[in-house]
Each structure stands twice: as structure tokens, then as C-alpha cells.
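Colleague: Okay, sequence plus prediction incoming.
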Amino acid sequence: MSEIKLEGRIVHLVPTPIGNLGDMTLRGLEVLRNADCVACEDTRHSGRLLQHFAIHKPLERLDAHTIHERARGILEKYPRVAFVSDAGSPGLSDPGAELVAIALEMGIRIEALPGANALIPAITLANLPNGRFTFHGFLPRSGRERRERLEEISSANLTSVLYESPHRLVDTLGELQTLCGTERLCAVARELSKLHEEVFRGTLGMAIQHFQGEVRGEIVLVIAPNTATLEPSIDYVAKALEFAKAGLRAKEIRAKLQQLGLERNAAYDLALSAIGQTT
């Protein structure tokens, strides 16, 4: 059998709506229409998306269970492959990351399109410091690695963001409360871009009470930094709120927090968050 030439082949990572179909980009639709096949996590789910936009292409399943055994064959068969996850931007907490590694190993070019995702809207809406943050994806479900990741979030001096399923949300909030304390600020973004979108903002203790009972939708959980790791003798969050209540502007609050020892970007983020909580 002759060797397959892989020059000129490409894999497009195409973001798809996380809820509202109007968030599908024109460029994303063009790529899907021009692809030789669409690889996806769930052919039924993605099939409905393609049907909605009247796109008729072969669908190939590439989920976490099949990507290692099927990806190379699909990349050899189709010169132009468009990969979509179930929702959002492929490559973040889905098999897209593994597909990128396989394609690059084979010498195939990768193109990642900008578009819909849950991470950026959630961190933007959370009203917590977001100049720098740590993204954890989905936490391990159990064991030492999960405990270590939760402890890392508890002690982090940056805002932490993670994805969570609705049926594990309250348990995760409870574990975080044990490590971070009841009063650590957080935000829970649910059903982003959908009809029943909700963004809860408050403490971990308040969040646990709020989400008792049935929870639906995909979840993005945002946890405020542990300011004690910055300087044990200073509560920067409280100071920022004190300055904001006194009527200081963001730049003035930032300057005062910097004088107290807080890094410039973190100081400005806290200043904006404090002003948002007092207006």
C-alpha cells in the first residue's frame, strides 16, 4: 500500500454554541461547510447542530474513549477535518487537546477558530479579580489528586475557575467551604447564554444554601483568591471595600493597595471588584 501524503492537510477546531445557536460564527459555519468531514464527541448531538444549519457532511465520532484508536485513521482519510466538541471551544477539557497532539505528531496543520466558550463569560460576570486567574477544567472526581487540586484552589492568590457538573456542584462547594472557609467569595454561572441563565454571586456558605435541591445545566465555578497568602496581616478585600465605600476611584484604590504591598494588577482587579460591590 502506498504511503499517504499528509502535506496540505488541516484540522480546524471549530467552537460551537454553549446554548444560544445565534452564537455560531459565520466563519465557523464556512469551515464546517468546506470540511471533508466533521469529527465530534457525540454524532447525535453534533448532527442536530449541522442539521439546524443545513450542513451535510460525514460525521466521525472522536470522544475520549475512541480518539486514540480512531484519530489517525480519520486524519489520513480526510484532508480537511473540522473538529467540534459538544459545546464551546474545542481543546479545553475535551478530546480536542489530544487531537491537536496527534495531528501535530503526524505533521498536520492546526487552526483554532475563536468563538463561543463558557470560561470567559463566567469570569467576566463573576465580579471577582480577573486580570490573572487559574483555570482548572474539570476536577478529578475523587482521590488524592482531587484533594490536592482543591487545596491548591484554597491557597491560591489568584482567582480560580473550574467546570463542574450540576449533580456534583453542592458537594464540590462543600469541600471548598471546608478548605476555604464559609466566607470565601465565589460565583456560580449556570446555563450561560440560555433562557434560564443564572449567575450567583456570594460566599461559599451562601452558594451551598442557594443550590440545595435539583440543579440543572452546565456549571462554571469561580473562586476568589485567598488574600491571606498575599500578606497574612492585611485583608486586601476588606481594605478595597473600605476604600470603595469612602468614594475612592479605582485608580486611587489600586494605589493604596499597592502601598500596602499588593501587586499592581491584583490591586486593580480588587479595586474594580470592590467598586462593583458598592454600587
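Modeller: Structure received.
Colleague: What are the boundaries of the helices in the protein?
Modeller: 26-34, 43-52, 67-77, 96-105, 119-125, 143-155, 169-180, 204-210, 236-245, 250-259, 264-278 (DSSP state H).
Colleague: Among those, which comes closest to N20?
Modeller: Checking the helices of the chain against N20 by Cβ to Cβ gives helix 119-125 as the closest, at 11.2 Å. Where you see a C-beta, it was placed from the backbone N, CA and C, and this is true even at glycine.
Colleague: Where does the prediction get shaky in the stretch 1-150 of the chain?
Modeller: 1-5 (pLDDT under 70).
Colleague: between the helices of the chain, which one is nearest to P17?
Modeller: The closest of those to P17 is helix 43-52. By Cβ to Cβ, the value is 8.0 Å.
Colleague: Please work out the angle formed by the directions of the closest one and helix 26-34.
Modeller: Orientation check (axes from the mean of the first three to the mean of the last three Cα atoms, to 10 degrees): helix 43-52 against helix 26-34 gives 110 degrees.
Colleague: Not counting helix 43-52 itself, show me its contacts.
Modeller: Counting by Cβ atoms under 8 Å, 6 or more residues apart in numbering, helix 43-52 makes contact with 16-17, 21, 32, 38, 40, 56-57, 59-61, 84, 86, all of which sit outside it.
Colleague: What residues sit buried inside that helix?
Modeller: Across helix 43-52, burial judged by 16 or more other Cβ atoms under 10 Å covers 43, 46, 49-50.
Colleague: Export the residues you listed to a markdown table and append columns for distance to E214.
Modeller: As requested, the buried residues of helix 43-52 are exported to a markdown table (distance: Cβ to Cβ, whole Å):
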| residue | distance to E214 |
| --- | --- |
| T43 | 29 |
| S46 | 27 |
| L49 | 27 |
| L50 | 31 |
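Colleague: For A103, state which of those residues is nearest.
Modeller: When the buried residues of helix 43-52 are ranked by distance to A103 (Cβ to Cβ), S46 comes first, at 18.8 Å.
Colleague: Tell me which of the helices of the chain sits nearest to V220.
Modeller: Proximity to V220 (Cβ to Cβ) singles out helix 119-125 among the helices of the chain, at 3.6 Å.
Colleague: domains of the chain?
Modeller: What automatic domain parsing lists as the domains of the chain is 10-112, 119-229, 236-278.
Colleague: average pLDDT for the last one?
Modeller: Computed over domain 236-278, the mean pLDDT rounds to 84.
Colleague: next one: stretch 168-179
Modeller: On average, the pLDDT along stretch 168-179 is 96.
Colleague: Can you give me the buried ones in it?
Modeller: By neighbour count on 16+ other Cβ under 10 Å, the buried set for stretch 168-179 is 169-170, 172-173, 175-177, 179.
Colleague: Kindly present these as CSV, with separate columns for distance to R147.
Modeller: Converted to CSV, these look like this (distance: Cβ to Cβ, whole Å):
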residue, distance to R147
L169, 18
V170, 18
T172, 12
L173, 16
E175, 8
L176, 12
Q177, 15
L179, 9
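Colleague: Isn't G88 up against V14?
Modeller: No - under the criterion of Cβ atoms under 8 Å, G88 makes no contact with V14, lying 10.7 Å away.
Colleague: wait, which of the buried residues of helix 43-52 is closest to R70?
Modeller: Among the buried residues of helix 43-52, T43 lies closest to R70 (Cβ to Cβ), at 12.2 Å.
Colleague: Quick check: that closest one vs Q259, distance?
Modeller: As judged by Cβ to Cβ, to the nearest Å, T43 and Q259 stand 58 Å apart.
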